[in-house]
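**Q** model the structure of this input:
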Amino acid sequence: MKNPQDKAESDEDLAQMIIGHGPCTYLLLLLLGLILLFPYLEEGIFARTLLGVLFSIVLLVGAFATRQSRWGFILKLGLALLGVGLQWTALWTGSLAILDLAAISYAASLAASISGVFHYILKRGPITADKLHGALAGYIMLAFVWSFIYVLIERFSAGSFGPGHLDFTQPGTFFSLIYFSLTTLTTTGYGDVIPLTNHARSLVMLEEFAGVFYVGVLIARLAGLYPSTLTK
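**A** As a prediction, this is how the structure comes out:
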């Protein structure tokens, strides 16, 4: 029979793991804030500038969020700075070609950050709030990576997604692909945005598999790393 004092200490430890904070906590809050504010920051140069600032901060915080080797850090920071530079250039010039390059850099930078988060949360040791928040941040960043891939697919092969035409010069277009990516990753699939070509569908299937893998394998792995004091 569990000692009441031990149970209280276990509950306190569990609560601390949920409400604690660290670098990944700030990354998670930034990502959630970006999703919530995105619809309000797409019209007008001032709003788009604020959106650019948020994206820039996300990339830079992602580069610093987890410990890594020197070369790993240089790679992540370099990709983040490249993405930020291309984004601001595209913002002020209005060039869709530069925006395409920025999307590639963003996807690469976020993928590098996800790799660092994976290494961090799968590392042996006690589960902390920062690791749990890192797992959630990695999941959201995975959706963002796929949304940038979908942007590139639609840009180079117009009509890959629908049902209507996606015009990236109009507000809300990119956000609709972020929304589509998150619903695909979570296998929700409302059906208001759909892949129309086979090459787009093949990528969507890969994202669905990635979402199932993340939840089914990574979360199970995290559960297996919980301190034994919480399971007695």
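
**Q** before we move on, what SS does the spatially most central residue of the chain have?
**A** The centroid of the chain falls nearest to Met141 when counting by Cα atoms, centre = their mean (1.0 Å). Judged by DSSP: H, G, I helix; E, B strand; the rest coil, the three-state class of Met141 is helix.

**Q** which residues touch it?
**A** 31, 62, 110, 113-114, 117 (Cβ atoms under 8 Å, 6 or more residues apart in numbering). Yep, even glycine has a C-beta here, placed from its N, CA and C like the rest.

**Q** could you dump stretch 96-113 to PDB, C-alpha only?
**A** Taking C-alpha atoms only, stretch 96-113 is exported to PDB below (Å, rounded to 0.1, in the frame of the first residue of the first chain):
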ATOM      1  CA  LEU A  96       8.200  35.300 -54.200                       C
ATOM      2  CA  ALA A  97      11.400  33.700 -55.500                       C
ATOM      3  CA  ILE A  98      13.300  34.800 -52.400                       C
ATOM      4  CA  LEU A  99      10.400  33.700 -50.300                       C
ATOM      5  CA  ASP A 100      10.800  30.200 -51.900                       C
ATOM      6  CA  LEU A 101      14.400  30.200 -50.700                       C
ATOM      7  CA  ALA A 102      13.300  31.400 -47.300                       C
ATOM      8  CA  ALA A 103      10.800  28.500 -47.100                       C
ATOM      9  CA  ILE A 104      13.600  26.000 -47.900                       C
ATOM     10  CA  SER A 105      15.900  27.600 -45.200                       C
ATOM     11  CA  TYR A 106      13.000  27.600 -42.700                       C
ATOM     12  CA  ALA A 107      12.200  24.000 -43.300                       C
ATOM     13  CA  ALA A 108      15.900  23.000 -43.000                       C
ATOM     14  CA  SER A 109      16.300  25.200 -39.800                       C
ATOM     15  CA  LEU A 110      13.200  23.700 -38.100                       C
ATOM     16  CA  ALA A 111      14.300  20.200 -39.100                       C
ATOM     17  CA  ALA A 112      17.700  20.700 -37.500                       C
ATOM     18  CA  SER A 113      15.900  22.100 -34.300                       C
END
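
**Q** quick one: that stretch to chain centroid distance?
**A** 13 Å (Cα atoms, centre = their mean, to the nearest Å).

**Q** stretch 123-131 too?
**A** 19 Å.

**Q** try stretch 195-202
**A** Using Cα atoms, centre = their mean, the offset of stretch 195-202 from its chain centre is 22 Å.

**Q** residues making contact with that stretch?
**A** So stretch 195-202 is contacted by 150, 153, 157, 159-163, 203-204 (Cβ under 8 Å, 6+ apart).

**Q** which of those ranks first by neighbour count?
**A** Counting neighbours by other Cβ atoms under 10 Å, the top entry in the contacts of stretch 195-202 is Tyr150, with 27 neighbours.

**Q** local confidence estimate at that one?
**A** Listed pLDDT for Tyr150 reads 95.

**Q** okay, strands next: where are they in the chain?
**A** For the chain, the strands defined by DSSP state E occupy 161-162, 194-195.

**Q** just put those strands in JSON lines and tack on mean pLDDT and distance to Leu27.
**A** Formatted as JSON lines, the strands of the chain follow (pLDDT from 0 to 100; distance: least, Cβ to Cβ, whole Å):
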{"stretch": "strand 161-162", "mean pLDDT": "90", "distance to Leu27": "28"}
{"stretch": "strand 194-195", "mean pLDDT": "93", "distance to Leu27": "29"}
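
**Q** from the contacts of stretch 195-202, which two are the most distant?
**A** Pro163 and Leu203 (18.0 Å; Cβ to Cβ).
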